[in-house]
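Colleague: Give me coordinates for this.
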Amino acid sequence: MNKKGFTLIELLVVISIIGLLSSLVLTSVAGSREKARDAKRKQDVAQMEKGLLMYWEKNGQFPRERYCDSSIGSNDTGCPINPAQSNWDSASAIWQDLTAGGFLTLPKDPVNNSTYYYYYEPCCDQDCGGGRNCTGKGCCEYTIGASRLETTGSDYSRWGRW
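Modeller: All right, here's what the predicted structure looks like:
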């Protein structure tokens, strides 16, 4: 009698190979998600910078800030705040100036917690350090960025001055 089919050993070998391959794929997908979130962060920072430059063109200075402006909220004691509060502070200058002015909608970090968030820091009417001085010039310098990238663990920021 000649029966066609697979033996138990053959089935177990195939199942173990499929399990091994799927674990390799899932491991590489996790890294891809981190890279995708980092790419989104970099793209969002670039868009915010474009909005700041459009604001400069119209107003001759960058937006002021109310305390610390970030995508997890702001308050008068510092930034970031933990636990997370509102995304950007709707009472802050950057929110009012950039969103109400139609320059951009302020983005929210993909994770948006006390470790991963966006921030905006202008230098206004003072010595900004490094030989750069904004005294009497309004807000002539800014730093905008993402607090941390998941793949490198370092901050990603852009700096500008006019």
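
Colleague: contacts, neighbours, all on C-alpha from now
Modeller: Fine.

Colleague: Tell me the confidence at the closest residue to residue 135 other than its chain neighbours?
Modeller: Of all residues not flanking residue 135 in the chain, residue 125 sits nearest, at 4.0 Å (CA to CA, 6 or more residues apart in numbering). Per-residue pLDDT puts residue 125 at 88.

Colleague: Verify the contact between residue 125 and residue 139 for me.
Modeller: Yes. Contact criterion CA atoms under 8 Å: residue 125 and residue 139 qualify, at 6.3 Å.

Colleague: which ones are touching the closest residue to residue 124 other than its chain neighbours?
Modeller: Leaving aside its sequence neighbours, residue 124 sits nearest to residue 139 (CA to CA, 6+ apart; 3.9 Å). Neighbouring residues of residue 139 by CA atoms under 8 Å, 6 or more residues apart in numbering: 61, 62, 63, 64, 122, 123, 124, 125.

Colleague: Ramachandran angles for residue 139?
Modeller: Phi and psi for residue 139, reported as degrees, to the nearest 10, are phi -100, psi 100.

Colleague: Can you check what pLDDT the model gives it?
Modeller: Per-residue confidence (pLDDT) for residue 139: 89.

Colleague: how close does it sit to residue 92?
Modeller: Using CA to CA, to the nearest Å, residue 139 is found at 15 Å from residue 92.
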